[in-house]
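**Q** return a 3D structure for these sequence lines:
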Amino acid sequence: MYRLLQLWSLRGLLIYLGEQEVNVFRCPRPRFAVTVLAAITATMLTAAPPSAAAEGDRWMPAPGQAFNDGWKPLDGLGATYRPCQEVRWHFDRGSEGPDRNTMINDIRSGLATLEPHTGLKFVEIDNADSADLNFRWGDLVAEGWGSDVAGIGGPDGYGEGSVAFSNSVDWTLNKWEGRDWRRLEWPRPDLGPGWYSWKEGPGREALVVHEVMHAMGFDHVKDFTSIMYPQGAIPNNRGNLSSGDIAGLNTMYLNNPCSSEVSSDNSEESIPPAGLEISKPDRYYGTRVLRASVDDEGFMRAAIRTRLSKGQPLWVEVYTCDSADCEEYTTVSEKKIRVKKRGRAAFMVKVAQDQFVAVWDNDDELLVQWTVS
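**A** Next up is the predicted model:
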């Protein structure tokens, strides 16, 4: 998610309003420095070893791996796409206004910026249903994201991602086309003679790169120089990739060997390594499986998306059946986790052959279940 923070400077008084970044000055301009906050999104950066666990051929963080303030994968998810994959993308422009009709240029240039750091090949197509990465316009306020959010992005499943741009926020207007840092000014006769407003920040391409990196599996970070820092008008790298961003892109994508299957993959099913296997999930109440895998040491990792709100508790149970109808069973382990933003939850449990893994909500309703074989 990307925001532009709004600052107003009235006769030397600086007030933070928390929306779009606007500064007001009267000529002659006051002789003090005003730090303008722009909007960028963040992900923690630490170069992970190439030997990090992989789900199928996708990069996954190693168990217990820590990340510093340079880059960070979304909790429990790892890379959305396979190394060297051809990622087909589509932009739904059906609700696009004429004052935002050059966004397609920033999408194309933003994806071109990411290609050399990831080894991915982004290919534009005409069919949204066949796309691995979908872009759209949306009323993000009505969708519950707030009036200052310019874009949202994230993985939608195994090999799938999506990005939505606000159709009302100033930062998505054509005047912000490109990547370069700029300062825009306009007169404010409503405040009196000689008053002006000004806004400063990177071009829209920075927004595209930020949200696409979310879709690729990157989280926000606290490093002001990262394009994954959540507020985009902070001058930091002025909308450019930081060394941490590049380290993360290299670790999760470029530095991994090409998959034997580098074409597009929209499957939700897990592809575990040899040894233990997990079944196709039984899903209930609209639950989606984003990732699920089991390694040779018996550690199962999974990430799901529920319809529950952030903070709701979930219970992950590993059990065995003691009778044919499973009326009698033995709980091997149970752990409590909580739903994160956008209904996501992730976990890791130890499993063995002929066990079951189930996720329950606070009302003891079964959300998803796997069989280990």
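**Q** which stretches in the stretch 101-250 of the chain count as helices?
**A** Ranges of helices in the stretch 101-250 of the chain, per DSSP state H, counting those that start in this stretch, are 103-118, 204-216, 243-249.
**Q** return the most buried member of those helices.
**A** helix 204-216 (a mean of 28; mean count of other C-beta atoms under 10 Å). Quick note: C-beta positions are derived from backbone N, CA and C, even for glycine.
**Q** same for that one, what does it pack against?
**A** In terms of contacts (3 or more C-beta pairs under 8 Å, 6 or more residues apart in numbering; DSSP states H and E), helix 204-216 is packed against strand 2-3, helix 103-118, strand 149-157, strand 160-166.
**Q** so which of those comes closest to residue 275?
**A** The closest of the helices and strands packed on helix 204-216 to residue 275 is strand 149-157. By C-beta to C-beta, the value is 24.5 Å.
**Q** tally of neighbours for residue 331?
**A** By the criterion of other C-beta atoms under 10 Å, residue 331 has 9 neighbours.
**Q** pretty sure it is in a strand, no?
**A** Yes: applying DSSP: H, G, I helix; E, B strand; the rest coil, one finds residue 331 inside a strand.
**Q** report the buried residues of the helix or strand harbouring residue 369.
**A** Using DSSP states H and E, residue 369 sits within strand 366-371. Buried residues in strand 366-371, counting neighbours by 16 or more other C-beta atoms under 10 Å, are found at 367, 368, 369, 370, 371.
**Q** of the residues you listed, which pair is most distant in space?
**A** Maximum distance among the buried residues of strand 366-371 (C-beta to C-beta): 15.6 Å, for 367 and 371.
**Q** re the thing from before, wait, which of the helices of the stretch 101-250 of the chain is closest to residue 140?
**A** Using C-beta to C-beta as the measure, helix 204-216 is the one of those that comes nearest residue 140, at 11.5 Å.
**Q** returning to what we had before: now render the buried residues of strand 366-371 as a markdown table, adding distance to residue 315 and pLDDT.
**A** Converted to a markdown table, these look like this (distance: C-beta to C-beta, whole Å; pLDDT from 0 to 100):
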| residue | distance to residue 315 | pLDDT |
| --- | --- | --- |
| 367 | 10 | 94 |
| 368 | 12 | 94 |
| 369 | 12 | 93 |
| 370 | 15 | 94 |
| 371 | 18 | 92 |
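**Q** closest one of those to residue 299?
**A** Distance to residue 299 across the buried residues of strand 366-371 (C-beta to C-beta) is lowest for residue 370, with 13.6 Å.
**Q** any figure for the gap between that closest one and residue 351?
**A** Separation of residue 370 from residue 351 (C-beta to C-beta, to the nearest Å) stands at 9 Å.
**Q** so which helix or strand of the protein has the lowest pLDDT on average?
**A** strand 13-16 (a mean of 24; mean pLDDT, DSSP states H and E).
**Q** one step back: in JSON lines, list the buried residues of strand 366-371 along with distance to residue 336.
**A** Below are those laid out as JSON lines (distance: C-beta to C-beta, whole Å):
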{"residue": "367", "distance to residue 336": "14"}
{"residue": "368", "distance to residue 336": "16"}
{"residue": "369", "distance to residue 336": "17"}
{"residue": "370", "distance to residue 336": "19"}
{"residue": "371", "distance to residue 336": "22"}
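**Q** so what's the residue count around the residue nearest to residue 97 when sequence neighbours are not counted?
**A** Using C-beta to C-beta, 6 or more residues apart in numbering and skipping residues adjacent in sequence, the residue nearest residue 97 is residue 167, 6.6 Å away. Neighbour count for residue 167, taken as other C-beta under 10 Å: 17.
**Q** residues in contact with residue 167?
**A** Residue 167 is in contact with 95, 96, 97, 100, 137, 138, 139, 140, counting by C-beta atoms under 8 Å, 6 or more residues apart in numbering.
**Q** take those and write them to TSV, including pLDDT, distance to residue 77 and neighbour count.
**A** Shown next, in TSV, are the contacts of residue 167 (pLDDT from 0 to 100; distance: C-beta to C-beta, whole Å; neighbours: other C-beta atoms under 10 Å):
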residue	pLDDT	distance to residue 77	neighbour count
95	93	29	11
96	95	30	17
97	95	33	13
100	97	30	23
137	96	26	20
138	92	23	18
139	92	27	12
140	89	22	23
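**Q** going by distance to residue 74, which of those residues wins?
**A** Nearest to residue 74 among these: residue 140, at 19.5 Å, using C-beta to C-beta.
**Q** so what's the closest residue to the closest one other than its chain neighbours bridging to?
**A** The shortest distance from residue 140 to any non-neighbouring residue, by C-beta to C-beta, 6+ apart, is to residue 166 (4.5 Å). Going by DSSP bridges, residue 166 is paired in beta bridges with residue 138.
**Q** tell me the contacts of residue 166?
**A** Contacts of residue 166 (C-beta under 8 Å, 6+ apart): 137, 138, 139, 140, 141, 145, 149, 150, 151, 172.
**Q** the same query, at a cut-off of 10 Å, please.
**A** 2, 100, 137-141, 143, 145-152, 172, 207 (C-beta atoms under 10 Å, 6 or more residues apart in numbering).
**Q** need the pLDDT of it.
**A** At residue 166, the model reports a pLDDT of 94.
**Q** distance check, it against residue 116.
**A** Distance, residue 166 to residue 116, using C-beta to C-beta: 29 Å.
**Q** give me the common contacts of residue 370 and residue 351.
**A** 278, 294, 300, 318, 357.
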